[in-house]
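>>> How does the following fold in three dimensions:
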Amino acid sequence: MAQILVVDDEVGIRELLLEILADEGHQVLLAESAAEARRARERGRPDLVLLDIWMPDTDGISLLKEWSASGQLTMPVVMMSGHGTIETAVEATRIGALDHLEKPIALQRLLGTVKRALRNQEVLAPRQLSLATLGRAPALAETRKRLAQLALAPGPLLLRGDRGMRPDLFARLLAAPGTPFLDGVDLLADASSEVLARAGGGIMFVGDLSRLGRAEQKNLEFFLTRADKHRARLVSYSPVDPRTLAEKHEFDPALLARLSELVLKLPSLREFAEDIPDLAALILAQLVEARSCPPRRLSIAALNALRHHSWPGNLAELESVVRNLAFGALEDEVGLGDLERVLAAHAGPAAAPEIALDRPYREAREAFERLYFENLLARENGSMSRVAQHSGLERTHLYRKLKALGLPVGRREES
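Next up is the predicted model:
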């Protein structure tokens with residue numbers, strides 16, 4: 001039948017549910033704490049989880065939030081509590097729980113809930129990579145707030161940013177839950193009202209305007225003129241500034257002006273370095289969840305080194321590195337050695353640093369200092385003692401300098 005994970009700190013409850021569910025023909029896994037439940041979830045996706053709310057290490061609501069944030073909430077979860085309240089049940093449902101059982105659990109209520117939950121398991125699928133749960137870094141948190149504000153504004157929106165930034169992830173933050181999100185690049189070859197109808201009430205995203213030819217620009221104009229009628233919003237992206245787009249990429253200036261009614265600059269990955277460990281763990285968890293690779297987890301040392309890498313290829317490079325780690329690591333825990341091997345394979349010839357010399361002196365000096373410390377932090381894997389030694393700065397002065405430059409502070413102690 002089904003594989004059911006029962007998570008409860010009371011041995012009597014675990015044994016009772018084991019006996020009842022095993023008699024129904026189900027395979028039952030038991031966990032007495034959130035820590036054991038995490039390990040069981042990492043080993044594979046159960047068909048159903050019966051999750052106690054009150055546990056000594058981590059409560060069930062917090063564990064439910066963790067699974068939701070990491071993309072692992074892809075199975076039905078039923079909460080259990082002997083002290084449940086309406087507020088708790090509503091919060092659990094909002095996060096993603098399917099139902100709530102009150103203790104002591106009546107037999108027929110249990111069996112009915114399990115049967116209904118197992119019918120719903122096929123509806124769930126691994127979520128796409130999302131930035132919705134991230135925002136430790138001020139740059140990303142601010143961008144999310146601006147996108148939430150721009151979601152309420154009418155008219156087309158142009159996103160600007162470096163290549164490799166996966167602008168579709170930012171554009172998806174504009175879409176309300178349950179509304180369509182269409183990738184317009186694939187649809188520009190066949191501009192029609194039928195396509196617009198499919199995007200009705202949602203977002204039509206067109207990535208990298210610099211790659212569009214004249215015919216695709218005409219079809220884009222067709223969508224733009226009819227988007228309001230279908231309550232669809234057109235969001236586009238360009239890795240180059242509007243002037244370069246028009247002069248060097250032969251983009252229609254009039255169309256560009258209409259697409260640029262609202263413009264938002266996206267931060268590069270190194271600007272929200274604090275979120276890189278969570279982002280990398282999420283990418284890896286989704287690969288494991290899709291059963292594309294064996295169960296894997298990133299070590300603390302590897303996560304720290306990921307945070308301090310310079311990432312010239314931005315999000316696309318991070319995704320590629322994590323995929324290589326997922327498929328190429330020999331152990332369940334991906335260590336620093338694995339990461340250094342993959343980063344060395346990805347590294348190309350060192351590019352000359354780009355610092356605009358036409359800036360005012362103070363801005364040029366700050367740009368150089370940021371580039372200098374970014375490279376030093378990456379080379380020393382975030383070790384603050386070695387960064388201080390190589391830079392010749394006293395530790396307290398170094399911390400102040402990194403904070404002023406908006407750079408993440410590395411390890412305070414050697415591992």
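>>> my read is G337 is in a helix, agree?
Yes - membership of G337 in a helix is supported by DSSP: H, G, I helix; E, B strand; the rest coil.
>>> Pull the contacting residues for it.
By Cβ atoms under 8 Å, 6 or more residues apart in numbering, G337 lies in contact with nothing. The way it works is simple: take the backbone N, C-alpha and C, and place the C-beta from them, glycine included.
>>> quick one: it and H100, what's the gap?
Per Cβ to Cβ, to the nearest Å, G337 is found 45 Å from H100.
>>> which regions of the stretch 251-400 of the chain sit below the pLDDT cut-off?
Scanning the stretch 251-400 of the chain for pLDDT under 70 picks out the ranges 348-359, 381.
>>> Which residue ranges of it form helices?
Assigned by DSSP state H, counting those that start in this stretch, the helices in the stretch 251-400 of the chain fall at 253-259, 276-289, 300-308, 314-328, 336-346, 361-379, 384-391, 395-405.
>>> what does the stretch 1-150 of the chain give?
11-23, 34-43, 60-69, 86-95, 107-120, 138-150.
>>> Next, format those helices as JSON lines and append mean pLDDT.
Shown next, in JSON lines, are these (pLDDT from 0 to 100):
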{"stretch": "helix 11-23", "mean pLDDT": "95"}
{"stretch": "helix 34-43", "mean pLDDT": "89"}
{"stretch": "helix 60-69", "mean pLDDT": "87"}
{"stretch": "helix 86-95", "mean pLDDT": "80"}
{"stretch": "helix 107-120", "mean pLDDT": "91"}
{"stretch": "helix 138-150", "mean pLDDT": "96"}
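>>> With respect to burial, which of these scores highest?
helix 60-69 (a mean of 20; mean count of other Cβ atoms under 10 Å).
>>> what's that helix in contact with?
Here helix 60-69 makes contact (Cβ under 8 Å, 6+ apart) with 7, 34, 37-38, 41, 51-54, 72-73, 77, 79-81, 88, 91-92, 95-97, 133, 278, 282.
>>> And stretch 373-386, by the same measure?
Here stretch 373-386 makes contact (Cβ under 8 Å, 6+ apart) with 270, 301, 304-305, 307-310, 336, 387, 390-391, 395, 398-399, 401-402, 405, 407-412, 414.
>>> for that stretch, how far is the first residue from the last?
Stretch 373-386 has its terminal residues 12 Å apart, counting by Cα to Cα, to the nearest Å.
>>> And for stretch 155-171?
Its first and final residues considered, stretch 155-171 spans 14 Å by Cα to Cα.
>>> got the contact list for it?
Counting by Cβ under 8 Å, 6+ apart, 129-131, 143, 147, 150, 174, 181, 183, 203, 205, 207, 224, 227, 233-239, 241, 258-269, 313-317, 319 sit against stretch 155-171.
>>> buried stuff in that stretch?
Neighbour-count burial for stretch 155-171 flags 156-162, 164-171 (criterion: 16 or more other Cβ atoms under 10 Å).
>>> Repeat that for stretch 291-311.
In stretch 291-311, counting by 16+ other Cβ under 10 Å, buried: 295-299, 301-311.
>>> ok, now which ones touch the closest residue to A191 other than its chain neighbours?
Nearest residue to A191, sequence neighbours excluded (Cβ to Cβ, 6 or more residues apart in numbering): N219, at 3.5 Å. Applying Cβ under 8 Å, 6+ apart, we find N219 in contact with L188, A189, D190, A191.
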